[in-house]
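Chemist: Sharing a model that was predicted from the sequence below.
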Amino acid sequence: LPELSAEPVRVLVTGAAGQIAYSLLFGIAKGDVFGKDQPITLILLDITPMLPVLGGVVMELQDCALPLLREVIPTDKEEVAFKDLDAAILVGSMPRREGMERKDLLKANVAIFKSQGAALEKYAKKTVKVLVVGNPANTNCLIAAKSAPSIPKENFSCLTRLDHNRARSQVAMRCGVPATQVKNVIIWGNHSSTQYPDVHHCKVNMAGSDLACFDAVKDDDWLKGAFISTVQQRGAAVIAARKLSSAMSAAKAICDHMRDIWSGTPEGEFVSMGVYSSSNSYGVAEDLIYSFPVHIKDKQWKIVDGLAINEFSRGKMDATAAELVEERDTAVTFLSA
Amino acid sequence: MPDLADPIRVLVTGAAGQIAYSLLYSIAKGDVFGKDQPIILVLLDIPPMLPVLDGVVMELQDCALPLLREVIPTDKVEVGFKDLDAAILVGSMPRKEGMERKDLLKANVAIFKTQGAALEKYAKKTVRVLVVGNPANTNCLIASKSAPSIPKENFSCLTRLDHNRARSQVAMRCGVPADAVKNVIIWGNHSSTQYPDVHHAMVNVRGKEVEAYDAVKDDSWLKGDFISTVQLRGAAVIKARKLSSAMSAAKAICDHMRDWWFGTLDGEFMSMGVYAGGNSYGIPEDLIYSFPVHIKNKLWNIHDGLPINDFSRAKMDATAAELVEERDTALSFLSQ
């Protein structure tokens, strides 16, 4: 047997009995995220009524006979779930129900993420890396960070990698190349319909050389119109077709995001992550979780500075920031309530 | 960009369903056919499922996977089975409430007769076929009989999930990782008569290879609850999840196909449902029966010469008897 790194990493997934987790857990346990030699203690948190379903998930993970999976701990208790964590993937959130106002949704989620932020503060390692997936992801992430004051805000991020992957894939299909030949798309802002998929700095590798995306695609109208709306509304399109949400591709994006945090981004490439906006050089309002282009090294991300921003992009970047400011201000009122 | 091979054409049936949803991503990622092997993924399902299939295609695109050259959703066998290198037949008629076993068999004979004939007509003669849809062994036999010019050795059915479950149960009992347990065997039918046999299994305990019976030190568990736990695990998962075991089934499918493609390790054998013709264990011929196999150059060989005690003999015979009965019922439908 190969000699494995001694200490397992402790990884929490919330909403663990749900659809996205079901597509995600296998990828984590297999070694795709934290490395092929890194043993894992996987902690699965969900609400009490879901514990029997969680029992079934645990059985299946055992039946997968995966060598890196040292232990699986199903629980409904925060003091068990958040203890000594190295990584937390917060998938679970309050879903929107029919007739629910946006304000009610926000209020319910503030309660959840305030509690989970406090649990991170109390039980997790200070080095924990936290990825918030449950929507509204950006604002939930901000609430969690504010509720864990002694954990660096830089340790918190939210998922816009799915939108990023969708943008890559749309450009790739348009150019007739594999998606991996499209680099440096950017998702700015909120993981919502105001997100701004920006390909002004994107490169497409075609016939051996790197072309600027606008030159490779040769259809500015599409890149400034239907391309953007396709990426913004892709989630809804998948739900309309499958009658279920996009668990497979969301799980893949979560794996990509965490893996890049853990082992860094390749030279010359940047990825999109929702991160804390204070001290950003793009004129985006402070004290938000806003999606930026980032490099990652030694588990630290840095916003890619100095990219030229034209008027078209400026308008869209500001619009999504404005939505996030409004969400934050509403959420913060509930925080102090 | 690295120099990549020609793409292979891989079909998954029941492609809009639950097991496929857990499976397709791993295939497209390169976990089965290799990190340098581009893939054309063909997805077959029935016409009412085509809109759902479109959603699956969208998601595979959104996964931005470098090896996935093309995804072809279809409800037509002439498109589904064309020029295939590999076929994973997940789709089958599920048991509905009140359905007799005979009706289930009859419905599935119709499906697998058609798919066998399509393999015969459209696929490469070198195609490797893995039947997952239940009753897997008998469905596999019917498909094989309906594709007479494709070697019977190219057809197999899935018992790797049971095999992985058996490994995992022994591993948990011994407090070791699952891959420290080797050479469990699943004999027979992928049903509740399957026989999980650890008489020849080895457990790596702190660097030493120990026979499973010595590592576990609980013969009555190994001959009792261990067997029934593995046999009934599928039902236990359904009871807990309210859905069938898609994640672990998908993992087992990947293991089975990957081992078929790249071979088994020296000294290790795996469980596969294969054609029993010419077997040295006294199992009736003309069945698809799960045996311990080695694989090399995409060819499997039953691991011969394992001593079989009375306890094992009885269990191996019981599951064979069930398969003989299933086959005979199925064949009566085939000739209609």
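Modeler: Thanks, I have it. Numbers count the residues shown, from 1 in each chain, chains lettered A, B, ... in the order given.
Chemist: what's near enough to touch the residue in the stretch 201-337 of chain A that chain B sits nearest to?
Modeler: Residue of the stretch 201-337 of chain A nearest chain B, by CB to the nearest CB: A:Ala241 (3.0 Å). Placement of C-beta: from N, CA and C, glycine included. By CB atoms under 8 Å, 6 or more residues apart in numbering or on different chains, the contact set of A:Ala241 is B:Pro51, B:Val52, B:Asp54, B:Gly55, B:Met58.
Chemist: Specify the local secondary structure of the last one.
Modeler: By that I understand B:Met58. At B:Met58, secondary structure determined by DSSP: H, G, I helix; E, B strand; the rest coil is helix.
Chemist: So for it, what's the pLDDT?
Modeler: B:Met58 is assigned 97 on the pLDDT scale.
Chemist: who in the stretch 51-200 of chain A is up against chain B?
Modeler: Residues of the stretch 51-200 of chain A lying close to chain B (CB under 8 Å from any CB of the partner chain) are A:52-53, A:55-57, A:59-70, A:162, A:165-166, A:168-169, A:172-173, A:178-181.
Chemist: now do 6 Å
Modeler: Proximity of the stretch 51-200 of chain A to chain B, by CB under 6 Å from any CB of the partner chain, involves residues A:52-53, A:55-56, A:59-60, A:62-65, A:67, A:165-166, A:168-169, A:178-180.
Chemist: List buried residues within these.
Modeler: A:53, A:55-56, A:59-60, A:62-65, A:67, A:165-166, A:168-169, A:178-179 (16 or more other CB atoms under 10 Å in any protein chain shown).
Chemist: Could you identify the most distant pair in those?
Modeler: Greatest spatial distance among these (CB to CB): A:Gly55 and A:Pro178, at 40.2 Å.
Chemist: tell me the domain ranges of chain A?
Modeler: A:9-158, A:160-328 (the TED database).
Chemist: of the contacts of A:Ala241, closest to chain A?
Modeler: Distances from chain A to those, taken by CB to the nearest CB, are shortest for B:Gly55, at 3.0 Å.
Chemist: which SSE is that closest one in?
Modeler: Using DSSP states H and E, B:Gly55 sits within helix B:50-62.
Chemist: Just the angle for the very next helix or strand once past that helix relative to helix B:50-62, thanks.
Modeler: Next along the chain after helix B:50-62, taking DSSP H and E as the criterion, comes strand B:68-74. Between the axes of strand B:68-74 and helix B:50-62, defined by axes from the mean of the first three to the mean of the last three CA atoms, to 10 degrees, the angle is 180 degrees.
Chemist: Quick check: mean pLDDT of strand B:68-74?
Modeler: pLDDT averaged over strand B:68-74 gives 95.
Chemist: Now that strand - C-alpha only, CSV.
Modeler: Extracted as CSV, the C-alpha positions of strand B:68-74 are listed here (Å, rounded to 0.1, in the frame of the first residue of the first chain):
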residue,chain,number,x,y,z
LEU,B,68,-15.5,14.7,-23.8
ARG,B,69,-15.4,15.2,-27.6
GLU,B,70,-19.1,14.8,-28.3
VAL,B,71,-22.3,13.9,-26.5
ILE,B,72,-25.1,12.3,-28.6
PRO,B,73,-28.5,12.0,-27.0
THR,B,74,-30.9,9.7,-28.9
